[in-house]
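Participant: Got a predicted structure plus its sequence, pasted below:
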Amino acid sequence: MTKKMTIFLVTLVTWLLLTWSLDPEEVIAGVTVALLISVLFSNLFLSQGKKTNFAPRRLGWFLLYLPVFFYYVIKANFDVAYRVLHPEMPINPGIVKVKTTLKTQTGKTFLANSITLTPGTLTVDIVGDWLYVHWINISTLDPEEQTKLIVTRFERFLRRIYE
Amino acid sequence: MSETVGIIFFIIGGLFDLFGCIGLVRLPDIYNRLQAATKCVTLGTCFILFGAFFWSGFSAMGIKALLCAAFILITSPTAAHALARGSHIFGVKLWEKSLMDKYAEDEEGRLSGGKVEKA
């Protein structure tokens, strides 16, 4: 029931933001559609094993994480742009295997997405605690060094946010 | 003022989209091309959408642009992840000058061992 309520509210708020008007017609249409979606399709949405905890401390770490994340995203873009525009294309690609210490599914998802959006790395698969990452320029062949370069800088934040 | 900021964002976004497209053409295999497609094009498109937001402010269009930027930030890495995983399982090879492929090394044991964990 709480899940249906959450889906209803999220869908309705998204609808209202997208239409950006409080006309009765728009609101009625939004309520109808949100109600249909939350009743018919609620079992398609993943349920979380553990309740998400919105403690202020976690929110604070999340706000701290955002600028760090955007710094790496911008850096990633200049990095890829440099490699693409360089006449000799300085790339040494390959798929490496790194271990994460995060335990929750949400944490792992955010870690994988963060890795994909940052310098030269793209998550291919997650199996248990292992992440397979395609790296456009492998700078070291030592697995521990690779883990440190790819995973650790985000794990510090994500552990405090999601665990 | 806000229009100037919007135009600057449009130009930066367009440039990054252009770099992403050049990468799509120049890089050797699907995995490297996905790198260009996820990074440059995600940020480029987000910049263009932020530009649209600064251009029109808190109106129907501006809010839509912000929502689209959030959706792209979530879905673009997920789509790249699915494409890379799918093409690897389908058997698309890495570029011949690639240094290593730990995923292929582990794939056989994982599939025959039968303990494919849903991650």
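Facilitator: Good, I have the coordinates. Because the structure is predicted, anything quoted here is derived from the model rather than measured.

Participant: wait, does the helix or strand hosting residue A:12 contact chain B?
Facilitator: Per DSSP states H and E: residue A:12 is located in helix A:2-19. Yes. Counting by CB under 8 Å from any CB of the partner chain, chain B is contacted by helix A:2-19 at A:14, A:17, A:18, A:19. Where you see a C-beta, it was placed from the backbone N, CA and C, and this is true even at glycine.

Participant: Can you name every helix or strand that that helix contacts?
Facilitator: With contacts defined as 3 or more CB pairs under 8 Å, 6 or more residues apart in numbering or on different chains; DSSP states H and E, helix A:2-19 has these neighbours: helix A:24-40, helix B:60-90.

Participant: what is the mean pLDDT for the particular helix or strand that has residue B:53 in it?
Facilitator: Assessed by DSSP H and E, residue B:53 sits inside helix B:30-56. Mean per-residue pLDDT for helix B:30-56: 85.

Participant: what's the distance between that helix and the middle of its chain?
Facilitator: In terms of CA atoms, centre = their mean, to the nearest Å, the centre of helix B:30-56 is set 8 Å apart from its chain centre.

Participant: what do you get for stretch B:10-22?
Facilitator: How far stretch B:10-22 lies from its chain's middle: 13 Å, per CA atoms, centre = their mean.

Participant: residues of that stretch that come out buried?
Facilitator: Using 16 or more other CB atoms under 10 Å in any protein chain shown as the test for burial, stretch B:10-22 gives B:10, B:12, B:13, B:16, B:17, B:19, B:20, B:21.

Participant: quick one: which of those is nearest chain A?
Facilitator: Chain A lies nearest to residue B:19 out of the buried residues of stretch B:10-22, by CB to the nearest CB, at 4.2 Å.

Participant: what about that closest one, distance to residue A:80?
Facilitator: Applying CB to CB, to the nearest Å, the value for residue B:19 to residue A:80 is 7 Å.

Participant: what sits in contact with each of these two?
Facilitator: Shared contacts of residue B:19 and residue A:80, defined by CB atoms under 8 Å, 6 or more residues apart in numbering or on different chains, are found at B:36, B:40.

Participant: And the residue nearest the centre of chain A?
Facilitator: By CA atoms, centre = their mean, chain A has its centre lying nearest to residue A:110, at 3.2 Å.
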